[in-house]
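K.L.:
build me a model from this:
(one chain, ligands or ions: 1)
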Amino acid sequence: MPVSWSNWSGSLQFEPQEIRSPATEEELAELVRRAAHDGRCVRVVGSGHSSTPLVQTPHTLVSLEKLRGLESFEASGREATIRAGTTLKEANSALLEVGLAVHNLGDVDFQTVAGVVGTGTHGTGRTLPIIPDVLTGVRLVDGSGEIREFRAEDDPDFFRAARVCLGALGIFTSLRMRMLPAYQLRRREWCTHVEDCLENLDRLMNENRNCDFYWYPRSDLVKIRTLNIPGQGSADLPFARCIQDITGWMGDVLPKQRELRFDEMEYWLPAEAGPECFRKVRRRVKETHRRDVAWRVLYRSVAADDAYLSGAHGRDTVTISLHQNAGLPFDDYFNDIEPLFRHYGGRPHWGKKHTLKAKDLMRLYPKWEDFRAVRRRLDPDGTFLNPYLRRIFGDGG
Ligand SMILES: Cc1cc2nc3c(=O)[nH]c(=O)nc-3n(C[C@H](O)[C@H](O)[C@H](O)COP(=O)(O)OP(=O)(O)OC[C@H]3O[C@@H](n4cnc5c(N)ncnc54)[C@H](O)[C@@H]3O)c2cc1C
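P.N.:
Residues are numbered from 1 along each chain as shown. Predicted structure coming up:
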């Protein structure tokens, strides 16, 4: 009997025939083998924090909630292997216990490690690439139900595809990642007028390990966040008031708790276009949407990488994101601003709202065909292709 499923914000709902949570890799492989044999579509879900129909399937939705935890680590080699269903929060505390940490985090830590690889989750920091940039090994179940292992040193082409994979290459069961020795960060938050922030933006982004800002459309104020290894980063900001100053382990001070649910559109823009694009977004929001939109606009930076479907593929990047409270209409607002992002060559975040179709998406990624080739290698019959991914990749399986 169909069961209902909903994502974190509630904006994506569907009824798969079944939701399965295999307890072992072998059980997962058997499930995929049967689905492949019967021509049924299997999609894997992490914490359900994406709001595009990536995980939607009429047939089998798989959760790896029973495959969690730190599998192994090598503190000297600074690598760790983490089971795919582990949340970032769980991974951070297990890693801290053995003296390791990831290089960056996004805004929250509820996502699973595999889900982060699914859409190329990023934090902020001019020198810091997307979180899955550090992926060096993968175990997965492919589209025929075979368990396979990949190492970055043997198959770099696979890894350039796997680092942002949309769950289209296979179901990862564990992921090996490069780590840093555990580190502390000093997090400071500053309040100022948006013009003061923009005037100093380049310096702020250069001086601080992590730096971003939220702009509040109704007051025209911003909250700037800087995070640094203690003793490093900007000195006091003469143009802003410091409203928070805490120091702690990276996993404790980087992410925030988010009780209030929202929907979001985020675009990845060439770094040099970021400030001009933001100014246009600000003008448009003030002219047209200020009455309806109380939520802030978030501005971050990400270093370039070489993952085929990464938003930061081949270019240093600025991301700008729009938010609207879950349950309130977001279409008019998001759809009105989206052309501004596209004007600057923006690429949409794979896990957040956008309206782009296959023909638009393929033009944005120079290595689109390389990704498709790896996808066909791992899942030639399209067991993992739902209608949404079939439309995007133009593959009938
Ligand atoms: C409150 C909130 C804050 C956020 N903050 C940020 C942020 O700071 N930066 C940012 O970039 N994004 C952010 N996001 C987006 C979020 O990081 C991504 O949508 C992420 O992919 C969600 O992870 P998940 O575990 O929920 O995966 P899901 O959303 O469940 O799945 C995402 C993709 O991963 C695939 N996948 C999941 N598990 C596996 C597996 N085992 N093997 C293969 N593929 C798999 C799925 O099939 C799907 O394609 C945020 C979202 C929310 C709701």
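K.L.:
and stretch 55-65, end to end?
P.N.:
One end of stretch 55-65 sits 15 Å from the other (CA to CA, to the nearest Å).
K.L.:
sorry, wrong one. I was asking about stretch 175-186.
P.N.:
29 Å.
K.L.:
tell me which residues in it are buried?
P.N.:
Within stretch 175-186, the residues that qualify as buried are 175-179, 182, 185-186, counting by 16 or more other CB atoms under 10 Å. Yep, even glycine has a C-beta here, placed from its N, CA and C like the rest.
K.L.:
swap in stretch 71-84?
P.N.:
71, 73, 78-84.
K.L.:
ranges for the helices of the stretch 251-397 of the chain?
P.N.:
Using DSSP state H, counting those that start in this stretch, the helices of the stretch 251-397 of the chain run over residues 274-284, 331-343, 358-364, 368-378, 387-393.
K.L.:
which residues touch K66?
P.N.:
K66 makes contact with 21-23, 85, according to CB atoms under 8 Å, 6 or more residues apart in numbering.
K.L.:
what do you get for A94?
P.N.:
The contact partners of A94, by CB under 8 Å, 6+ apart, come to 69-70, 82, 86.
K.L.:
of the residues you listed, just the buried ones, PyMOL syntax please.
P.N.:
Those of the contacts of A94 that count as buried under 16+ other CB under 10 Å are selected in PyMOL with:
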select buried, resi 70+82+86
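K.L.:
any idea which of the contacts of A94 is closest to H103?
P.N.:
H103 lies nearest to I82 out of the contacts of A94, by CB to CB, at 14.4 Å.
K.L.:
name the residues linked to the closest one by a beta bridge.
P.N.:
Beta-bridge partners recorded for I82 (DSSP bridges): L70, L175.
K.L.:
mind splitting this structure into its structural domains?
P.N.:
Taking automatic domain parsing as the reference, the chain has its domains at 70-182, 187-348.
K.L.:
single out the most deeply packed of those domains.
P.N.:
Stretch with highest mean neighbour count among these: domain 70-182 (a mean of 21; mean count of other CB atoms under 10 Å).
K.L.:
ok, now which ones touch the residue nearest to R176 when sequence neighbours are not counted?
P.N.:
Spatial nearest neighbour of R176, chain neighbours left out: G137 (3.0 Å); criterion: CB to CB, 6 or more residues apart in numbering. Counting by CB under 8 Å, 6+ apart, G137 touches 79, 81, 149-152, 175-176.
K.L.:
then G137 would be within a helix, right?
P.N.:
No. Assignment of G137 by DSSP: H, G, I helix; E, B strand; the rest coil gives strand, placing it outside any helix.
K.L.:
separation between it and the ligand?
P.N.:
Using CB to the nearest ligand atom, to the nearest Å, we find G137 at a distance of 14 Å from the ligand.
K.L.:
any idea what that residue is bridged to?
P.N.:
When assigned by DSSP bridges, G137 has beta-bridge partners R151, R176.
K.L.:
what does K223 give?
P.N.:
C191, Y214.
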